[in-house]
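A.B. asks: My questions are about this predicted structure, shown below with the sequence.
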There are 2 protein chains.
Amino acid sequence: MCGDNVSKFSRNNRISAITKILMDNPNKVINLNTFTEMLKVAKSTISEDVVMVRQTLALLEMGRVETVSGASGGIKYIVNIGQEETERFIEELCAAMSDSSRIIPGNYIYMSDIMYNPEIINKAGIILASRFIDANPDYVVTVETKGIPLAYEVAKKLGIQLVIVRRHNNNFTEGPIVTINYVSGTSGRIQNMSLPKRALKKASRCIFIDDFMKAGGTTLGIIDLLKEFESELVGIGVLVDNVDTPKKLVSKYISLVEFSGIDDGNQVKVSPAKLYKR
Amino acid sequence: MCGDNVSKFSRNNRISAITKILMDNPNKVINLNTFTEMLKVAKSTISEDVVMVRQTLALLEMGRVETVSGASGGIKYIVNIGQEETERFIEELCAAMSDSSRIIPGNYIYMSDIMYNPEIINKAGIILASRFIDANPDYVVTVETKGIPLAYEVAKKLGIQLVIVRRHNNNFTEGPIVTINYVSGTSGRIQNMSLPKRALKKASRCIFIDDFMKAGGTTLGIIDLLKEFESELVGIGVLVDNVDTPKKLVSKYISLVEFSGIDDGNQVKVSPAKLYKR
């Protein structure tokens, strides 16, 4: 009790501080001593504060606070958003994508503004990360360029390292690199992808995150590349799945939005992926 | 009072929720009605809660909550960290960078693990973003690839859009593109950089964020490219400044770490930038 009175932090202050620190460190175990030292109160007091934070996040469906027991234990924040907010967000995303001014010759859709919009990518990152927590990955892997912000957000929310695979092998500033060839599932062309040898520890579990899934040739390339690192792909997530592709080379992946081409009236056909349909 | 009693959210709950929502939306004005609707209490109650959140963040030097008056007013969260924590972070960064196993033939330093580490990039992003708030930029611009996560974090913390300039002009999925040539300040070679016409609105104020500043040829290229969009560069920030470069083409920029080459004993010479020296 005496310690409590000395602290300049009221319960309200402590709850705000604990919330802030949990948000800053998703999926990282934070020892309660971090809070007792920072806020100058007993561990039992911090535990009571954490109960309030946990309750708030649960009430508002803003993720959850887990307790990790043991010597290196503490609490960690797992990102999430509620089903209703997820569905509303994905519907808004579909509405934004279906704008016919996005159509590029060759039936591509301009998506860079979406892929580089932090507000959108933050939410998409939460939705994807929440699906991969249980896979317990060591790395998030992406291929340059458009999927990098999304992959970064997923890595951040999983509390792990991002790895960026390059599309060429003339990179002289990263030391020895491993290059593989893969066949684009759409064009049939042979392409390169490369990764510095030191970018990935052996026997790692990896998640592949990208902006767009067409046939899945890039994903097969990633699987081959990871084999060179004796590592394993344990999950795949993309923002947009092109379901208009006749032959998919990859079957098990998560997407938020399904794109099924452009209709005769020049309308972009997009809809929420099945998981997220109202 | 009656409204207060109906709410299922206690003051502690509300303070946790307000903190969470502010952290999720840096530099964005949030109308107090957002909170009154979500938490089912009167605006005066929310105002009292906000006072507590503001006080906590000030006490712990974790940024500040500003009040924006007027019809579209509300509160916004401005990111920051204290001087002491900034200095400690940059010293740790220097220690990590000075590891001689990072040296790549040609006197390059392997930095991808740092540039793709969300924990590091988050803090570096806070430090850089806090310096550019007053410049009131519309976009954060970067050139692919290594600076993308840092540029994304700065954009997120400034509440604005990220723009990624490509190093080639064979990009067929983004519509009409503008390509310029620039001269690498180090090698003297002529190179390309390109940006889709629709990526940037005319008359915009831009910040350029990159991983590494050598002579500054890339920055001059960005200035030229922005001119094609009738837009202006209002700030430059990099993680690492190579101060061992004889002739700098750019003078006004912010860096966190100074790199001054590799000494005879195979030691990487890095130190905190002047602003952040203890």
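C.D. replies: Here it is on my side, so go on.
A.B. asks: Can you dump the C-alpha atoms of stretch A:105-113 in PDB for me?
C.D. replies: In PDB, the C-alpha atoms belonging to stretch A:105-113 read as follows (Å, rounded to 0.1, in the frame of the first residue of the first chain):
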ATOM      1  CA  PRO A 105      -5.100  -1.700 -70.200                       C
ATOM      2  CA  GLY A 106      -4.600  -5.400 -70.100                       C
ATOM      3  CA  ASN A 107      -7.400  -5.700 -67.400                       C
ATOM      4  CA  TYR A 108      -5.100  -4.900 -64.500                       C
ATOM      5  CA  ILE A 109      -6.500  -2.900 -61.600                       C
ATOM      6  CA  TYR A 110      -4.600   0.000 -60.200                       C
ATOM      7  CA  MET A 111      -4.200  -0.800 -56.500                       C
ATOM      8  CA  SER A 112      -1.000   1.000 -55.400                       C
ATOM      9  CA  ASP A 113      -3.000   3.700 -53.600                       C
END
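A.B. asks: and it, average pLDDT?
C.D. replies: Stretch A:105-113 carries an average pLDDT of 91.
A.B. asks: Show me what it is in contact with.
C.D. replies: Stretch A:105-113 is contacted by residues A:97, A:102-104, A:146, A:211-212, A:239-240, A:259, A:261-262, A:268, B:161, B:164, B:172-175, B:196, B:198-199 when judged by Cβ atoms under 8 Å, 6 or more residues apart in numbering or on different chains. Heads up, the C-betas are built off the backbone N, CA and C, glycines and all.
A.B. asks: Can you go through these and name the buried ones?
C.D. replies: A:97, A:102-104, A:146, A:211-212, A:239-240, A:259, A:262, A:268, B:161, B:164, B:173-175, B:196, B:198-199 (16 or more other Cβ atoms under 10 Å in any protein chain shown).
A.B. asks: Would you mind giving the secondary structure of A:Val178?
C.D. replies: Recorded secondary structure, A:Val178: strand (DSSP: H, G, I helix; E, B strand; the rest coil).
A.B. asks: tally of neighbours for it?
C.D. replies: For A:Val178, the neighbour count with other Cβ atoms under 10 Å in any protein chain shown is 16.
A.B. asks: tell me the contacts of it?
C.D. replies: Contact analysis of A:Val178 by Cβ under 8 Å, 6+ apart lists A:194-197, A:225, A:228-229.
A.B. asks: Tell me what it is bridged to.
C.D. replies: Beta-bridge pairing for A:Val178 (DSSP bridges): A:Leu195.
A.B. asks: Over to A:Gly235?
C.D. replies: A:Ile207.
A.B. asks: Extract the residue ranges of chain A that are flagged as low pLDDT.
C.D. replies: Applying pLDDT under 70 to chain A flags residues A:1-6.
A.B. asks: Can you show me the strands along it?
C.D. replies: Using DSSP state E, the strands found in chain A span residues A:64-68, A:74-78, A:103-104, A:108-109, A:139-143, A:161-165, A:177-183, A:190-196, A:205-213, A:232-242, A:254-262, A:268-272.
A.B. asks: for the first one, the distance to its chain's centre please.
C.D. replies: Looking back up the chat, that one is strand A:64-68. 19 Å (Cα atoms, centre = their mean, to the nearest Å).
A.B. asks: would you turn the contacts of A:Val178 into TSV with distance to B:Asn136?
C.D. replies: Output for those, formatted as TSV (distance: Cβ to Cβ, whole Å):
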residue	distance to B:Asn136
A:Ser194	40
A:Leu195	39
A:Pro196	38
A:Lys197	43
A:Leu225	43
A:Glu228	47
A:Phe229	44
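A.B. asks: Can you tell me which of the residues you listed comes closest to A:Tyr139?
C.D. replies: Closest to A:Tyr139 out of those is A:Phe229 (9.7 Å), distances taken as Cβ to Cβ.
A.B. asks: What separation do you get for that closest one and chain B?
C.D. replies: In this view, A:Phe229 and chain B are 14 Å apart by Cβ to the nearest Cβ, to the nearest Å.
A.B. asks: A:Thr34 now?
C.D. replies: 12 Å.
A.B. asks: surely that residue meets A:Ile21?
C.D. replies: Yes - with contact defined as Cβ atoms under 8 Å, A:Thr34 reaches A:Ile21; the gap is 7.4 Å.
A.B. asks: Show me which of those two is the more surrounded one.
C.D. replies: A:Ile21 (20 against 15).
A.B. asks: Just give the nearest non-adjacent residue to the more buried one, would you?
C.D. replies: Distance criterion Cβ to Cβ, 6 or more residues apart in numbering or on different chains; nearest residue to A:Ile21, sequence neighbours excluded, is A:Ile30 at 6.6 Å.
A.B. asks: Which ChimeraX command selects the buried ones in the contacts of A:Val178?
C.D. replies: Only the buried entries of those go into this ChimeraX selection, using 16+ other Cβ under 10 Å:
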select /A:194,195,196,225,229
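A.B. asks: Out of the contacts of A:Val178, the closest to chain B would be?
C.D. replies: Taking Cβ to the nearest Cβ as the measure, chain B sits nearest to A:Pro196 out of the contacts of A:Val178, at 6.5 Å.
A.B. asks: tell me the contacts of the closest one?
C.D. replies: Neighbour list for A:Pro196: A:171, A:174-178, B:110, B:112 [criterion: Cβ under 8 Å, 6+ apart].
A.B. asks: beta partners of A:Val165?
C.D. replies: Taking DSSP bridges, one obtains A:Val143 as the residues bridged to A:Val165.
A.B. asks: Contacts only, for it.
C.D. replies: The contact partners of A:Val165, by Cβ under 8 Å, 6+ apart, come to A:141-144, A:193-195, A:222, A:225.
A.B. asks: Run through the helices of chain A in chain order.
C.D. replies: For chain A, helices defined by DSSP state H occupy the ranges A:2-6, A:11-24, A:32-39, A:43-59, A:83-97, A:112-115, A:118-132, A:148-158, A:217-228.
A.B. asks: Buried residues, the longest one. List them.
C.D. replies: Along helix A:43-59, the positions that meet the burial threshold by neighbour count (16+ other Cβ under 10 Å) are A:45-46, A:49-50, A:52-57.
A.B. asks: Could you check the angle it makes with strand A:74-78?
C.D. replies: Here helix A:43-59 points in a direction 10 degrees away from that of strand A:74-78 (axes from the mean of the first three to the mean of the last three Cα atoms, to 10 degrees).
A.B. asks: Give me the contact list for helix A:43-59.
C.D. replies: Residues outside helix A:43-59 that contact it (Cβ under 8 Å, 6+ apart): A:4, A:11, A:14-15, A:18-19, A:22, A:32-33, A:35-36, A:39, A:62-65, A:75, A:77, B:8-10, B:12-13, B:16-17, B:20.
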